[in-house]
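Chemist: Just need the structure, nothing else, for what follows:
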Amino acid sequence: MDVTRLNFAEALREFREAVAECDFAAMDMEMTGLYESKEQQPHRLDSADERYAKLKRSVETYGVMQVGISLFTWREDGDGGFYEARPFNFNVFPATTVGRTPVETHMGFKNTALEFLARNSFDFNKWVYSGIPFLRAEDANRIRAERAALLGGRQAMVVADDGATRAFVRGIERALRAFAASGERTLRCETANAYQRKIVHDMAARHDTLATRGIDGDVEVFRVTRKEMAKLAAKRLRLLDASIDEARGFCAVVDLLSAARKPVVGHNMPLDVLHAYAKFHRALPSTRVAFEQAVAGFLPVLIDTKYIIESTPAIKARYKTSSLEDIAPMLELEAARDPGRPLVRFHPRFAHTAAHKVMHEAGYDAYITGATFIRLLKLDGGIDLAARATSASEHGGELVLYRYINRLYMLFGDDMAWRVGGGGGGSGGSGRSSSGDSRSARAASPAKDKEEAPTSAMENDADSSVLHG
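Modeler: Numbering: from 1, shown residues only. The predicted structure is shown next:
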């Protein structure tokens, strides 16, 4: 399902219902770039803290253009069952206004990333004009406090320090005082531009019984009782809250995913996780250890398919690659030839994705990631989340999920896991890191393999749903 601001309300209702019953979610993102220079890319000699600093810099520099979330739910049928997939392709664009308050966001763009997306038919006009807005809760709360203070006349006015503006302010002050002392019902203040109109609105708001409204490019001041002013202020606060909810937009999806506490699967996912946290949750912690602890309350169960492949010799030897774009078609072909493997089917309302398979569209890539995860589990014996999560023992050739939870692919010397989550275990191995396979960009590389990142132990209270193998 391709989602823009035009059909977001409908998609959000569908997502709310689907995430509550799904067994796991898969996530993918398209970004405006990765690293500013080769020197800013993670290097095999970087420490874990240096690696986090570089990832953090990347996330704070570049933007997210699409977020793909595919929800997978196990369905029983006469043939043993199958996973039903509901892939959502969310086009997201930072909120630009809250009510009349402009919201400015700065982001970098890598020319190669944009060129790559353009070659893959990315619609930049749709992204800008129809992208779902998003605004983190902490930013929304700050804007609400500022606007509420302004509506209540409690905010200090800041005006330009030039002669013309000072003269305009003095003139409005005299006019408002005279109007307040008169018996007139309205006062029309002529203004030359939006800045002067804002000054009039702000100055009138300092009077308990004066309200304003725009009229034909000017501002009309009118008299109200204190009771009417209270009702007007309450109405304006309701409108402000509604505009904040609209600006929050896509963050509601991430809030639902976080609250559901379901496993979230990705491929080479450190940057995806950091972007999800920084763009839609809250600002990234300044230190790696603080992030490793914080992510446990955000997305408590993370599973990286690249780490599964790279850390399981039998899988790596069989397919000779951990690139999603390479391994996914091989697994899909094997699954089609083997009727014993669990089928992955699209929900009827998501048949469009099945008919229009577009690699490097975040929604479809999220689906491919989840389907690859399912096929990897069946390939090596199957995983039961509830039964295996508390045991480190392995049985025969089974892939025990405990080994892969909250371990994101990133090389640290001889270790390739960044342990994130609850326990604050930090990086494994020597604490040094390697870049693994260097993608030029998640958005700008057809390899579908990002740079890596750090992890911690698997202590969480996530949903204990079972992944069927």
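
Chemist: and the lengthiest strand in the chain, which strands flank it?
Modeler: Under DSSP state E, the strand in the chain containing the largest number of residues is strand 64-75. Note on strand 64-75: by DSSP bridges, its sheet partners are strand 24-31 (antiparallel), strand 82-91 (antiparallel).

Chemist: Starting from the last one, tell me the next helix or strand along the chain.
Modeler: For strand 82-91, the succeeding helix or strand toward the C-terminus, using DSSP states H and E, is strand 97-98.

Chemist: pLDDT weak spots in the stretch 1-150 of the chain?
Modeler: In the prediction, the stretch 1-150 of the chain carries residues with pLDDT under 70 at positions 149-150.

Chemist: now with 80?
Modeler: Counting by pLDDT under 80, the stretch 1-150 of the chain has low-confidence residues at 37-45, 78-80, 99-101, 145-150.

Chemist: Just the helices from it, written as ranges.
Modeler: Using DSSP state H, counting those that start in this stretch, the helices of the stretch 1-150 of the chain run over 8-21, 48-61, 111-119, 124-130, 137-151.

Chemist: most neighbours per residue, which of those?
Modeler: helix 48-61 (a mean of 21; mean count of other C-beta atoms under 10 Å). Backbone N, C-alpha and C define where each C-beta goes, glycine included.

Chemist: re the thing from before, closest to residue 230 out of the helices of the stretch 1-150 of the chain?
Modeler: Minimum separation from residue 230 across these (C-beta to C-beta) falls at helix 137-151, 11.3 Å.

Chemist: circling back: now, of the strands paired with strand 64-75, which is deepest in the fold?
Modeler: Of all the strands paired with strand 64-75, strand 24-31 has the most neighbours on average by mean count of other C-beta under 10 Å, namely a mean of 27.

Chemist: Measure how far that strand is from the centre of its chain, please.
Modeler: With C-alpha atoms, centre = their mean, to the nearest Å as the basis, strand 24-31 stands 9 Å off its chain's centre.

Chemist: and the angle for it with helix 8-21?
Modeler: Here strand 24-31 runs at an angle of 140 degrees relative to helix 8-21 (axes from the mean of the first three to the mean of the last three C-alpha atoms, to 10 degrees).

Chemist: mind checking how far residue 186 is from residue 225?
Modeler: 15 Å (C-beta to C-beta, to the nearest Å).

Chemist: just so I know, which of the helices of the stretch 1-150 of the chain lies nearest residue 234?
Modeler: Between residue 234 and the helices of the stretch 1-150 of the chain, the shortest gap by C-beta to C-beta is with helix 137-151, which sits at 9.8 Å.

Chemist: Double-check residue 5 against residue 131; I have them as touching.
Modeler: Yes - using C-beta atoms under 8 Å, residue 5 makes contact with residue 131 at a distance of 6.7 Å.

Chemist: give the contact list for the residue nearest to residue 16 when sequence neighbours are not counted.
Modeler: Of all residues not flanking residue 16 in the chain, residue 256 sits nearest, at 5.8 Å (C-beta to C-beta, 6 or more residues apart in numbering). Contact analysis of residue 256 by C-beta atoms under 8 Å, 6 or more residues apart in numbering lists 15, 16, 19.

Chemist: Run through the residues that contact the closest residue to the last one other than its chain neighbours.
Modeler: Spelled out, that is residue 19. Counting by C-beta to C-beta, 6+ apart, residue 260 is the residue found nearest to residue 19 once chain neighbours are left out, at 4.8 Å. Residue 260 makes contact with 19, 20, 22, 25, 463 under the criterion C-beta under 8 Å, 6+ apart.

Chemist: which helix of this protein spans the most residues?
Modeler: helix 226-248 (DSSP state H).

Chemist: got the angle for that helix vs helix 8-21?
Modeler: Here the directions of helix 226-248 and helix 8-21 differ by 70 degrees (the same axes, to 10 degrees).

Chemist: Report the buried residues of whichever helix or strand comes after helix 226-248.
Modeler: Sequence-wise, the next helix or strand downstream of helix 226-248 (DSSP H and E) is helix 251-260. Buried residues in helix 251-260, counted by 16 or more other C-beta atoms under 10 Å: 251, 252, 253, 254, 256, 257, 258, 260.
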